[in-house]
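1. Based on what follows, work out the 3D shape:
(2 chains)
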Amino acid sequence: MDVKTQRFQKASTEALTDDRLQAVMAGAIDHFDQARKVAVEEVTPRVWETYRERGRKIKEHTIENLDYYLELLTNRVEGNGGVVHFARHTDEATSIVLEIARARGVKRVVKSKSMLSEEMGLNRVLEAHGIESVETDLGEYIIQLSGETPFHIIAPAMHKSKEEVGELFSKKLHTKRLTEIKSMASAARQALRRKFLEADMGITGVNFAVAETGTIVLVTNEGNGRMCTSLPKVHVALMGMEKVVPALEDMAVMLRLLPRAATGQRITSYVTFVSGPRRRTDEDGPDEFHLVIIDNNRNKLLADPELREALNCIRCGACLNICPVYRKIGGHSYGYVYPGPIGAVVTPVMVGLPKAKDLPFASSLCGACKEVCPVKINIPRMLLKLRSDLVEGSRSQRKSSIFDRLLSRIWGITMFSSFTLAWAHRLIIILQKPLKHEGNLRRIPIPILSRWMRARDFPSLARYSFHQKWKKTLKDESKGKGSAGNEEDLNVIK
Amino acid sequence: MFGVSKDEFLMRVRDALGKTEVSSDPEYLPLKIRRQHQRQKVVTVKARADARRTEILDSLVRVAGLNGWHVYRSGSVEGVVDYVVSLAKKKRVRRVVRSDDKFLKTIPLDERLQRNGANVKVVRKGRDLSRKQLRRDMAQAQLGITGVDYAVAETGTCVLLSRDGMSRAVSLLPTIHVAIVEAGQVYENLDDIFAICRLAFQDNRYDMGSYMSFISGPSRTADIEQTIVVGVHGPKEAHMVLLDSSGMKS
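-> Model prediction:
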């Protein structure tokens, strides 16, 4: 996928001013977040907490022993009759897939959703080699037809209204103008059913891989994952190297966590466990099974003990749905496959910090992402770490401008003693007079400030400081009955 | 050879982890349970399922209903057959495919469906069907009937293994899927199922079979405006018929 992380400022500003997008997003994102809350209530928050704790332990243990479990997984997949490939980068992964396809004369591919294939930009490469590659998850299909990238990791077409989808289908699938969502799904079913039956190869992602049994696990709702793994002669599964878990019984925990955190479901309609190609006595299933294990800069996360826990992520999207920043700027602003809080951590490491230096700052550090994460990843801590890397890093990466440094210098002088602070207070009271307007300041015509103030209120400084207030009135009041104070007091406390 | 060798890949992982040599067995507890102990574990699981049968069945019926299954609980084989036949009639089903399931063979389902004018194909490629033919039959069928290997009360799930006589597509390609569940196949939770599967894996020389499907309702999507639509790729309707003769004297 093309990296567009440098455009973050511009893209997020565009998203903020796109009224249509804001309206569509507001409803959609709340829907997911509410569903998750209801699902957690159903199992009770106490029990949910025990699942989270167990999930985290499983992932931590696996990542700490990743080499061991990848080896075990490889041996067991091979024991099941599958072939395992290893790719350091997306280029290697892509050539592996192309070679499998070329050697078997594959002309038509059906794909079920895989974020890793987005990292690879796989569809484009396959098409360039004359291989038709069709996304079969409805959301991904819509995205592919409109030539976009996924907006959300579990709801790729979240930003599209049904009118837009209806228009898209009539243009690309030559349906009549559809208005009902049901008939759109039905049109996609029809178009894709034929693709499934004709496909020579199925490509899927991997939600989890069980090392002991050599099994890949797909968590889906539509049934396209089952189609891709059952109908074509060849099945290729693309897996980020962090997706492994040790034991089959670990899946009991993971399957309680992922669907609830992602869509608020007790479990998805389908969970598919693939352990190699069809056996001799099976009635159907692919003759060949290939597992491609891909690094693509995950080892950079692994190598940094402070960022390693980002590899615990099970890609549920809960942190996106709760994030006050994602909820306003949406998935495309982040400029890479993984948006939202977890994306703000993994993207800079995957594409290089200088290229994505705005992302660690795309957070208010409110901590909501950490609270909802089903495997308790401390995202705010890692965002701070990346911010600190940016400041401490090489001069070219350094975020702080002359302006920033000047500002902190002035700040330092002001805060030096209560004496200087009192003088600064007096000075600002005078300076702000012409700008005061209903308790806030008007936009200050200095570019950096005016941009900041465009979407935010900047309260004016109160006439009296807390210190002064305390001396004059509050002290006595607090001794007395502890009144709530008047308007001016509230301003002071603000 | 495309990509890199396993050894080179794992060496990079080890480097990143700061390890200098090949990792030794991390002694992860669930992987350390030997076959004999796993068998004991499964015995306990089964005993618990038997002891709490009624409760577990009630819970299966409740959760499956919430997940979008049409659930029918029958005290007799005749009740099961009647339900499927009347469903086929109501939906004007002309073509039926069913798995070559041990239990389904013993009940008079095919005859009754055929008597009502439906064509019933039993899926068994080895005998008379080519891969292509099998697929065509399956894609044209309106109704697919399967047994199950297990059912899970916790999640309202039917577990189907893929093997001799059990095509993956019977529960996938037809418009309606009917899963016939026997009371003794139902377990309480996911942990129970995975304990059983692991024992099967150990018993079968470290092979758990090529495919296991958890089916927990009809195919669904919410990809357009978060509106749930059923039947996007797989079955539009999923029926769970539970044969529970516990209330009757055998």
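
2. all contacts plus neighbour counts: C-alpha atoms, from now on.
-> Fine.

3. Longest helix in chain B, please.
-> In chain B, assigned by DSSP state H, the helix with the most residues is helix B:35-51.

4. elements contacting it?
-> Applying 3 or more CA pairs under 8 Å, 6 or more residues apart in numbering or on different chains; DSSP states H and E, one finds that helix B:35-51 contacts strand B:186-187, helix B:190-203.

5. Could you pull out the helices in chain B for me?
-> Applying DSSP H to chain B gives helices spanning B:6-17, B:29-32, B:35-51, B:53-66, B:77-90, B:102-106, B:109-115, B:125-128, B:131-140, B:190-203.

6. In CSV: the ones you listed, plus mean neighbour count and mean pLDDT.
-> As requested, these are exported to CSV (neighbours: other CA atoms under 10 Å in any protein chain shown; pLDDT from 0 to 100):
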stretch, mean neighbour count, mean pLDDT
helix B:6-17, 18, 97
helix B:29-32, 12, 95
helix B:35-51, 16, 97
helix B:53-66, 19, 98
helix B:77-90, 17, 97
helix B:102-106, 12, 92
helix B:109-115, 17, 96
helix B:125-128, 12, 58
helix B:131-140, 17, 80
helix B:190-203, 19, 98
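
7. what sits against A:Ala187?
-> A:Thr175 (CA atoms under 8 Å, 6 or more residues apart in numbering or on different chains).

8. can you do 10 Å?
-> A:Ala187 is in contact with A:Phe169, A:Leu173, A:His174, A:Thr175, A:Leu178, A:Ile181, A:Arg193, B:Val232, counting by CA atoms under 10 Å, 6 or more residues apart in numbering or on different chains.

9. What subset of those residues is buried?
-> Burial by neighbour count, 16 or more other CA atoms under 10 Å in any protein chain shown: within the contacts of A:Ala187 this picks out A:Phe169, A:Leu178, A:Ile181, A:Arg193, B:Val232.

10. of the helices of chain B, which approaches A:Leu435 most closely?
-> helix B:6-17 (55.1 Å; CA to CA).

11. now the strands for chain A?
-> In chain A, the segments counted as strands under DSSP state E are A:83-87, A:108-111, A:132-135, A:201-204, A:208-210, A:215-220, A:234-240, A:244-245, A:270-274, A:288-294, A:436-437, A:440-441.

12. Dump those to TSV, plus mean pLDDT and mean neighbour count.
-> Putting the strands of chain A into TSV (pLDDT from 0 to 100; neighbours: other CA atoms under 10 Å in any protein chain shown) gives the following:
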stretch	mean pLDDT	mean neighbour count
strand A:83-87	98	22
strand A:108-111	98	26
strand A:132-135	97	22
strand A:201-204	98	26
strand A:208-210	98	26
strand A:215-220	98	24
strand A:234-240	98	25
strand A:244-245	98	26
strand A:270-274	98	26
strand A:288-294	98	23
strand A:436-437	84	14
strand A:440-441	84	16
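
13. Could I get these in TSV, plus columns for distance to B:Ala151?
-> Conversion of the strands of chain A to TSV gives the following (distance: least, CA to CA, whole Å):
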stretch	distance to B:Ala151
strand A:83-87	32
strand A:108-111	29
strand A:132-135	31
strand A:201-204	26
strand A:208-210	21
strand A:215-220	18
strand A:234-240	27
strand A:244-245	24
strand A:270-274	13
strand A:288-294	27
strand A:436-437	67
strand A:440-441	63
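
14. For those, give me JSON lines that also has distance to chain B.
-> Formatted as JSON lines, the strands of chain A follow (distance: least, CA to the nearest CA, whole Å):
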{"stretch": "strand A:83-87", "distance to chain B": "5"}
{"stretch": "strand A:108-111", "distance to chain B": "13"}
{"stretch": "strand A:132-135", "distance to chain B": "13"}
{"stretch": "strand A:201-204", "distance to chain B": "15"}
{"stretch": "strand A:208-210", "distance to chain B": "11"}
{"stretch": "strand A:215-220", "distance to chain B": "9"}
{"stretch": "strand A:234-240", "distance to chain B": "12"}
{"stretch": "strand A:244-245", "distance to chain B": "11"}
{"stretch": "strand A:270-274", "distance to chain B": "5"}
{"stretch": "strand A:288-294", "distance to chain B": "9"}
{"stretch": "strand A:436-437", "distance to chain B": "41"}
{"stretch": "strand A:440-441", "distance to chain B": "39"}
